[in-house]
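> Got a sequence here, can you model it:
(chains A, B, C and D)
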There are 4 protein chains.
Amino acid sequence: MEKDNKAANNRVFEGDYVTIALDQKRKWVVRIEKGKELHTHKGVIDLGNIIGLEFGSRIKSSGGTVFYVFRHSLPEAIYKFKRATQIVYPKDYGLILIFGEVVPGSRVIEVGVGSGALTAVIATYVGPSGRVYGYEINEKNLKIAEKNLEKLGILDVVELKIKDATEGFDEKNIDTAIVDMGDPWEVIPKVYNILLGGGNIVVFVPTFNQIERVVQSLEENNFGFIRAVECLLRDIEVKRGAIRPSMRMIGHTGFIIHAKKLVKH
Amino acid sequence: MEKDNKAANNRVFEGDYVTIALDQKRKWVVRIEKGKELHTHKGVIDLGNIIGLEFGSRIKSSGGTVFYVFRHSLPEAIYKFKRATQIVYPKDYGLILIFGEVVPGSRVIEVGVGSGALTAVIATYVGPSGRVYGYEINEKNLKIAEKNLEKLGILDVVELKIKDATEGFDEKNIDTAIVDMGDPWEVIPKVYNILLGGGNIVVFVPTFNQIERVVQSLEENNFGFIRAVECLLRDIEVKRGAIRPSMRMIGHTGFIIHAKKLVKH
Amino acid sequence: MEKDNKAANNRVFEGDYVTIALDQKRKWVVRIEKGKELHTHKGVIDLGNIIGLEFGSRIKSSGGTVFYVFRHSLPEAIYKFKRATQIVYPKDYGLILIFGEVVPGSRVIEVGVGSGALTAVIATYVGPSGRVYGYEINEKNLKIAEKNLEKLGILDVVELKIKDATEGFDEKNIDTAIVDMGDPWEVIPKVYNILLGGGNIVVFVPTFNQIERVVQSLEENNFGFIRAVECLLRDIEVKRGAIRPSMRMIGHTGFIIHAKKLVKH
Amino acid sequence: MEKDNKAANNRVFEGDYVTIALDQKRKWVVRIEKGKELHTHKGVIDLGNIIGLEFGSRIKSSGGTVFYVFRHSLPEAIYKFKRATQIVYPKDYGLILIFGEVVPGSRVIEVGVGSGALTAVIATYVGPSGRVYGYEINEKNLKIAEKNLEKLGILDVVELKIKDATEGFDEKNIDTAIVDMGDPWEVIPKVYNILLGGGNIVVFVPTFNQIERVVQSLEENNFGFIRAVECLLRDIEVKRGAIRPSMRMIGHTGFIIHAKKLVKH
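Residues are numbered from 1 along each chain as shown, chains lettered A, B, ... in the order given. Model (predicted):
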């Protein structure tokens, strides 16, 4: 029964945000409405015609080019986010999730919402029983983030606040804090206060100088089991007979620092 | 109220599996029972004394060495799994999760359960409303996997089966299939049949020759938007005044290939 | 005496090729002549005025911008080569030199001269007592290569030939063969014949499929001690207080395969 | 004529240092003497029997195992050096050579001889017309280095000195200075004084903190065009049908910093 619903629901409804894809690079996020059109350099697509199609179906533009329609999903959505700030990459947010032990039901603080990319990841994975409290000092960023998150339909587990986290948090008994700001050491003592014992902090910083100051602050504030890593992702070009790593590669985004709250005695 | 419960429950109960940690490298997974002891090279720990302690607390061994007690969580648990097969690493399973769009509520097929590491990750992230169907042909592996998963308390969302997936699956309307076996091309046509339109397949293989055959099979079986990547993780040593990348690094585990099911017309 | 000459000769003479540099990215290779000018977006430099200056000196353009004059040296020269083909990078040619045991006095065959980048490196390091025999089938490439090499003043140790190396070589008793062509397996049997016992072959190829065919050909043609590597170079941005790896990075150029000629018995 | 000599001389003479190789990992450096034996776990080799063999020839041990004899060459020799200190790797010394513009005829200062690995590389590539001045404060290291270099037959272009380079150098008009010591900033002002205008300094350091101090010192001492890089080498396993990167990889050795002496005005 539920399975049949799954199949029946695996299609485009009016009002959905979907991804229209030409290839790996050329994709569009659109809201499906009767009478609306998507204009591309390969012709026009009548969005009303997509209603009722199964995801994964192909559609032809006015010019006869084949496009595909996909569910609007996390990695693509983030890639297409309106950007107020540097966007975190899948290679990093997958690890942040894992190291931070962010799981369905977790209560997570995020400091530095930015464009909401990490917020989207956390909100997706804490699921309906979890909660994300997002702190941001820039009101313009927060509005962009809110709009980005709305398209993914995950705003109900997110509380966004314009607030300077260095002055403290409104919540307590938090499982995980994720910090993505320029001077994370300013907020680390406050994070200690609101984490559960053994709880996780994950900090994302681009420079080595920041690693050093973050580690010092973590050590001084009774965090332990500190680990810092960096992650490099390389695409492999899969043309048959000529498999090879891609020449294009991002050499650096940032370092992920993870630590656990030790209980004071 | 719920918050207060969170704090009240953030402590060790009899029967729990917990992690006892000396440092990043030396950790033990134990089941807490009165009268049981953990013997280490740094002295003996009376596990009964741990009951009621907050997670993140320190405990002293008979020899006076300080250990810490942590919740038995995913990455540590997997690292400590009894191993029937090569274990997948956090750098890879974070990405498999993300690329495969495995989210709370997903229904996922896993081909090649092995020691259950990926199964544990998927089961954790599909949450109580999701489901993992794990196929494995080696009965001994499956028993080890079952035991590993039991300690994490996630067996209720997992169905493990001794069955050769190349002969087909029992399920349909699956969101994501994750394939970790030596000859994944054998199972790709069957995976196509049971995935929802636009659904995801993620294949993990160690060699370039396998990439080539997997990509060929995906193309022949109406999968599209194929992408292959590899991920390198490097630890940064965080000794103050001497921050540097670690000399130790794993040079290769495997390649992650992702594709989407296109609907036939 | 010789030392004093070194200092006296460390200056710009008429007819020299020199490098004029604004910063790491913006450099020009010019031949110094009285009455000639270098036009840049930061003003004009009268090249006649540079004659007699010590290398490392600064010069001002008509617009008052400071430039520096440096000896026209290998890595910069290659970077500024007129390109008929993909240019090999320092990270790779340093290793090719080392693995190929190309040292002062070596007699080296190069198959696939292209724009002459590797030829320039080999010619520089075999020194006046060594010799490079460069084979190329494309006459246009060879002319570009010749011009590039002329500016470095190393043509006297190089013999460039328009000739298909798959038909055999004119030389014998060669220390090292360096092969940079699309189908290197075509030339490997001929390379075996002209190498000294224990001599080195180094092959540079971009794809995994080529690695496989090269290795097969090497094994079938009595080469041994085969090793294949890839090399990744990452720039570190050295702005004080914000040391970090560069976001820009080349993800792949090619693989370096090295083997030694085993004597048949 | 010279070619014929090359072939005639491509064989083992009494007194030569040669490499006896079983496979890529198991190699021995021995001096060939009549009546001497090499004892391995795969049997005994009578070294007298090797005299007159062509390099690349195979030899059988008393146990019937096949070994090969190769010329004692740079990368293998360094790998087999007696080690007083951490040994620099081919991936790094190839680049140091290239960035430092060390070419046949160069006059090079080396600060921090250690076990002589970099000294061996420099001495080999400056050739008979060049010169290396090696400074080392630890007498024991220097003796080990001397012995290592002797086996390569390159001591005639090397001057080793027990001397603290922070007190200044005996030479001037130097083309390139290569600095491999813990606190390179101590020696940078002295290096400036003895380099030719436009001359090169290359510094090798393991930590980010050192990069920062080196760059500051270079900037304060009128060096320019500063560039820092790191190099990662990965082996590819070339078993046919299963080509893949090696799991074993060195994650870090050090950073290479290069700069040029700017002339003061």
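> Torsion angles phi and psi at A:G43?
Taking degrees, to the nearest 10, you get phi 110, psi 180 for the backbone angles of A:G43.
> Quick one, grab the pLDDT at A:H265.
On the pLDDT scale, A:H265 is placed at 78.
> That one - nearest residue in space that isn't next to it in sequence?
In this structure, A:H265 finds its nearest non-sequential neighbour in B:R58, 6.3 Å apart by Cβ to Cβ, 6 or more residues apart in numbering or on different chains. For the C-beta atoms, the positions are set from N, CA and C on the backbone; glycine is no exception.
> correct me, but A:G251 touches C:I236?
No - at 9.8 Å, A:G251 and C:I236 do not qualify as touching, with contact defined as Cβ atoms under 8 Å.
> quick one: which of those two has more around it?
It is C:I236, of A:G251 and C:I236, that has more neighbours when counted by other Cβ atoms under 10 Å in any protein chain shown, with 21 against 18.
> right, and A:L38 touches A:V29 too?
No - with contact defined as Cβ under 8 Å, A:L38 does not reach A:V29; the gap is 10.1 Å.
> Please, where are all the strands along the stretch 51-200 of chain A?
With DSSP state E, counting those that start in this stretch, the ranges of strands along the stretch 51-200 of chain A come out as A:58-60, A:66-71, A:107-111, A:131-136, A:158-162, A:174-179, A:195-205.
> Just the CA trace of the longest one, in PDB.
Once side chains and other backbone atoms are set aside, the C-alpha atoms of strand A:195-205 remain, and they are given as PDB (Å, rounded to 0.1, in the frame of the first residue of the first chain):
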ATOM      1  CA  LEU A 195      26.200  21.300  24.700                       C
ATOM      2  CA  LEU A 196      25.300  18.000  26.400                       C
ATOM      3  CA  GLY A 197      28.300  16.100  27.900                       C
ATOM      4  CA  GLY A 198      30.100  14.200  25.200                       C
ATOM      5  CA  GLY A 199      28.400  16.400  22.600                       C
ATOM      6  CA  ASN A 200      30.100  17.400  19.400                       C
ATOM      7  CA  ILE A 201      31.400  20.700  18.000                       C
ATOM      8  CA  VAL A 202      32.500  20.900  14.400                       C
ATOM      9  CA  VAL A 203      34.300  24.000  13.100                       C
ATOM     10  CA  PHE A 204      34.900  24.800   9.500                       C
ATOM     11  CA  VAL A 205      37.800  27.300   8.700                       C
END
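> report the longest strand in chain A, please.
strand A:223-237 (DSSP state E).
> Please list the residues of chain A that sit near chain D.
Selection of chain A residues close to chain D by Cβ under 8 Å from any Cβ of the partner chain yields A:F208, A:N209, A:E212.
> These into TSV, with extra columns for neighbour count?
Output for the residues of chain A next to chain D, formatted as TSV (neighbours: other Cβ atoms under 10 Å in any protein chain shown):
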residue	neighbour count
A:F208	24
A:N209	19
A:E212	23
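> can you list these in TSV and add secondary structure?
What follows is the residues of chain A next to chain D, written out as TSV (DSSP: H, G, I helix; E, B strand; the rest coil):
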residue	secondary structure
A:F208	helix
A:N209	helix
A:E212	helix
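> So which of the residues you listed reach chain C?
A:F208, A:N209.
> Looking at the residues of chain A next to chain D, spot the one nearest C:S217.
C:S217 lies nearest to A:F208 out of the residues of chain A next to chain D, by Cβ to Cβ, at 44.9 Å.
> who touches the closest one in this structure?
Shown in contact with A:F208 (Cβ atoms under 8 Å, 6 or more residues apart in numbering or on different chains): A:F255, B:I243, C:I243, C:R244, D:F208.
> State the distance from the third one to A:V88.
So the one you mean is C:I243. 21 Å (Cβ to Cβ, to the nearest Å).
> same question, the fourth one
C:R244 sits 16 Å away from A:V88, going by Cβ to Cβ.
> ditto for A:G56
For A:G56, the distance to A:V88 - Cβ to Cβ - is 28 Å.
> Counting neighbours, go ahead and name the busier of these two.
Between A:G56 and A:V88, A:G56 has the larger neighbour count (other Cβ under 10 Å), namely 25 against 22.
> how near is that one to C:R31?
For A:G56, the distance to C:R31 - Cβ to Cβ - is 62 Å.
> So in terms of bridging, what pairs with A:I45?
For A:I45, the beta-bridge partners under DSSP bridges are A:L38.
> which ones are touching the nearest residue to A:F81 once chain neighbours are set aside?
Nearest residue to A:F81 in three dimensions, chain neighbours excluded: A:N148, at 4.6 Å (Cβ to Cβ, 6+ apart). For A:N148, the contact set (Cβ under 8 Å, 6+ apart) comprises A:A77, A:F81, A:K82, A:S115, A:G116, A:A117, A:A120.
> which two from those end up farthest apart in space?
A:K82 and A:A120 (12.3 Å).
> Between the two, tell me which one has more neighbours.
Taking other Cβ under 10 Å, A:K82 and A:A120 do not tie; A:A120 has more neighbours (25 against 12).
> pLDDT wise, what is A:I87 at?
81.
> ok, now the one 3 residues further on?
pLDDT for A:P90: 90.
> Outline the domain layout of chain A.
Following automatic domain parsing, one finds the domains of chain A at A:2-72, A:76-261.
> May I see the buried residues of the one helix or strand A:L218 maps to?
Here A:L218 sits within helix A:208-220, counting by DSSP states H and E. Across helix A:208-220, burial judged by 16 or more other Cβ atoms under 10 Å in any protein chain shown covers A:F208, A:N209, A:Q210, A:I211, A:E212, A:R213, A:V214, A:V215, A:S217, A:L218.
> Quick one: residues contacting A:W28.
Applying Cβ under 8 Å, 6+ apart, we find A:W28 in contact with A:T19, A:I20, A:A21, A:L38, A:T40, A:K80.
> Any residues of the stretch 151-265 of chain A in contact with chain C? List them.
With Cβ under 8 Å from any Cβ as the criterion, the stretch 151-265 of chain A comes near chain C at residues A:206-209, A:230, A:234-235, A:241-253.
> Would you show me how to pick out the buried ones of the residues you listed in ChimeraX?
To isolate the buried members of these in ChimeraX, using 16+ other Cβ under 10 Å:
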select /A:206,207,208,209,230,234,235,243,244,245,249,250,251,252,253
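> Isn't A:L53 up against A:R11?
Yes - between A:L53 and A:R11 there is a contact under Cβ under 8 Å: 6.0 Å.
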